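Trainee: whatever this is, show me its structure:
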Amino acid sequence: MKRRKVLRYLALAGVLSLLASSLLSGCGQQPAAQKPTGKTITVGIIDSYTGPPSAYTQDALDGFQLAINEVAKQGGPTIKFIKRDDEFKVDKAQSWAKELVMQQKVDVLAGTINSGGTLAVSQYAKENKIPFFDWGGMSDKITGANGHRYVFSMLPNTAMIGKAGAVQMSKLPYTKYWLAGSDYEYGHSVVANLWSNLQKLKPDVQKVGETWWKVGEPDFTPYIASIRAAKPDAVIVGTGGADMVPFMKALQNTGLAKDIPVWIHTATDAGTLKPLGDNAPVGVLGTNAYFYYYPDTPANKAFDQAFSAAYNRHPTAFALFGYMTGKFLAAAVDKAGTDKEKIIDAMEGMTVDSPIGPMTMRKEDHLIQMPMFYGKTGKDASGKVVATDINTLPADQVMPNVDDVLKLRSK
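Mentor: So this is what the prediction gives:
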């Protein structure tokens with residue numbers, strides 16, 4: 001009789017223990033580290049870790065590291081990586097891709113902030129059937145005209161940016177525009193996409209001129225002088241990576257943004273504003289994919305806290321792109337194992353929770369479905385320059401049409 005009572009007591013204690021653990025987990029308690037699944041994969045990362053682009057690329061790398069650390073603690077696949085610096089050069093990006101695959105025997109490639117480099121690595125990945133996760137290059141060609149089975153875009157491309165930017169500018173009373181930017185793939189692509197979408201939304205807009213400078217331009221003063229002389233209502237600028245922070249400095253030093261409204265993608269991003277400090281220009285319009293302070297949700301706060309605890313700084317858009325790359329890759333490997341073709345199959349149509357809501361990898365073109373935000377730079381209550389007047393555009397309002405993408409690929 002006593003033995004039965006003891007057994008009943010032990011069973012009840014076990015149930016209560018499980019219930020308590022479940023409740024604690026629901027309150028945000030960190031689960032204990034679990035044993036890894038035994039699945040291991042190695043990623044070859046190619047990105048620009050030299051000069052101005054490193055303001056973004058280090059964030060992507062740290063976001064990726066944070067994700068794979070979380071996955072490991074939760075007992076998921078073991079994800080290792082080897083990184084290479086392409087110095088924002090297309091030929092080096094391609095050379096490193098070959099070295100990582102042929103000599104280091106990596107299973108997957110990831111990177112790179114230079115869209116030209118992204119396209120080169122993507123072509124190599126296609127020819128050698130290596131999955132490639134693009135967390136930096138934004139050209140719409142990557143998953144558009146040059147898209148294929150082996151490339152995945154983990155961030156908004158210029159088609160999405162162009163739609164979001166056009167919505168923002170269409171709401172403003174400007175008609176005469178000057179187009180400008182860095183003379184490379186991303187610069188031309190983002191300006192072309194915004195301008196074509198803006199013409200649809202406001203057929204009366206006019207282009208009064210355009211200016212393009214070489215990547216790494218040391219002095220923007222003559223270009224800004226030309227823009228001033230033309231007296232446009234507003235300026236659309238396509239620059240990023242190597243030129244983004246230097247151009248923002250030039251806007252502040254010349255006072256152009258105070259006199260003529262300027263639009264630039266990622267002008268409001270923390271990765272752009274932090275290096276500028278007190279010299280960040282206010283009033284610059286722009287789109288972005290992520291802010292650590294918006295939306296003000298538990299999931300976004302948790303991501304900000306985790307990233308800040310690990311790296312002593314707030315996460316940026318590129319931190320999110322790297323983070324979600326790690327999360328998607330881990331989910332695919334967990335589901336399909338380490339076989340490359342099965343990883344690709346698992347990725348198609350997959351949905352993963354993110355700090356700003358669920359994200360889905362669109363099956364048809366491998367472009368991630370995520371929202372876009374637009375606003376302008378301004379000062380918060382403490383005097384820090386941040387994004388202000390933030391508006392949200394859901395993914396379905398900015399994604400390119402699937403049929404249009406597939407038509408581009410068939411040409």
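
Trainee: now do the same for the closest residue to Ile343 other than its chain neighbours: its pLDDT.
Mentor: Residue nearest to Ile343 in three dimensions, not counting chain neighbours: Ala332, with 4.8 Å by Cβ to Cβ, 6 or more residues apart in numbering. (Glycine included, C-beta is placed from N, CA and C.) What the model reports for Ala332 is a pLDDT of 98.

Trainee: just list the residues touching Ala332, thanks.
Mentor: Applying Cβ atoms under 8 Å, 6 or more residues apart in numbering to Ala332 gives the contacts 343, 346-347, 350.

Trainee: helices - which of these land there?
Mentor: When the contacts of Ala332 are checked against helices (DSSP state H), the matches are 343, 346-347.

Trainee: Asp219: which of those is nearest?
Mentor: The closest of the ones in helices among the contacts of Ala332 to Asp219 turns out to be Met347 (Cβ to Cβ; 43.9 Å).

Trainee: quick revisit: adding pLDDT, neighbour count and distance to Thr221, write the contacts of Ala332 out as a markdown table.
Mentor: Compiled in a markdown table, the contacts of Ala332 are given as follows (pLDDT from 0 to 100; neighbours: other Cβ atoms under 10 Å; distance: Cβ to Cβ, whole Å):
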| residue | pLDDT | neighbour count | distance to Thr221 |
| --- | --- | --- | --- |
| Ile343 | 98 | 21 | 49 |
| Ala346 | 98 | 20 | 51 |
| Met347 | 98 | 22 | 46 |
| Met350 | 98 | 16 | 48 |
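
Trainee: ok, so of those, who is nearest Val237?
Mentor: Val237 has its nearest neighbour among these in Met347, at 33.5 Å by Cβ to Cβ.

Trainee: spell out the secondary structure type for the nearest residue to that closest one once chain neighbours are set aside.
Mentor: Spatially, and ignoring its direct neighbours in sequence, Met347 is nearest to Ala332 (4.9 Å; Cβ to Cβ, 6+ apart). Put simply, Ala332 is helix when judged by DSSP: H, G, I helix; E, B strand; the rest coil.

Trainee: could you dump stretch 216-234 to CSV, C-alpha only?
Mentor: Extracted C-alpha coordinates of stretch 216-234, given in CSV (Å, rounded to 0.1, in the frame of the first residue of the first chain):
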residue,chain,number,x,y,z
GLY,A,216,35.2,55.5,-53.5
GLU,A,217,34.9,59.1,-54.7
PRO,A,218,37.0,61.2,-52.2
ASP,A,219,35.3,64.5,-52.9
PHE,A,220,31.5,65.0,-53.5
THR,A,221,31.7,68.8,-53.5
PRO,A,222,31.6,69.3,-57.3
TYR,A,223,28.7,66.9,-57.7
ILE,A,224,26.7,68.6,-54.9
ALA,A,225,27.5,72.0,-56.5
SER,A,226,26.0,70.7,-59.8
ILE,A,227,22.8,69.6,-58.0
ARG,A,228,22.5,72.9,-56.3
ALA,A,229,22.9,74.8,-59.6
ALA,A,230,20.0,72.8,-61.2
LYS,A,231,17.6,73.7,-58.3
PRO,A,232,15.6,70.5,-58.3
ASP,A,233,12.7,70.0,-56.0
ALA,A,234,14.3,66.9,-54.6
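
Trainee: would you mark the buried spots in it?
Mentor: By neighbour count with 16 or more other Cβ atoms under 10 Å, stretch 216-234 contains the buried residues 217, 220, 223-224, 227-228, 232-234.

Trainee: check the offset of that stretch from the chain's centre.
Mentor: Centroid separation for stretch 216-234 versus its chain: 28 Å, with Cα atoms, centre = their mean, to the nearest Å.
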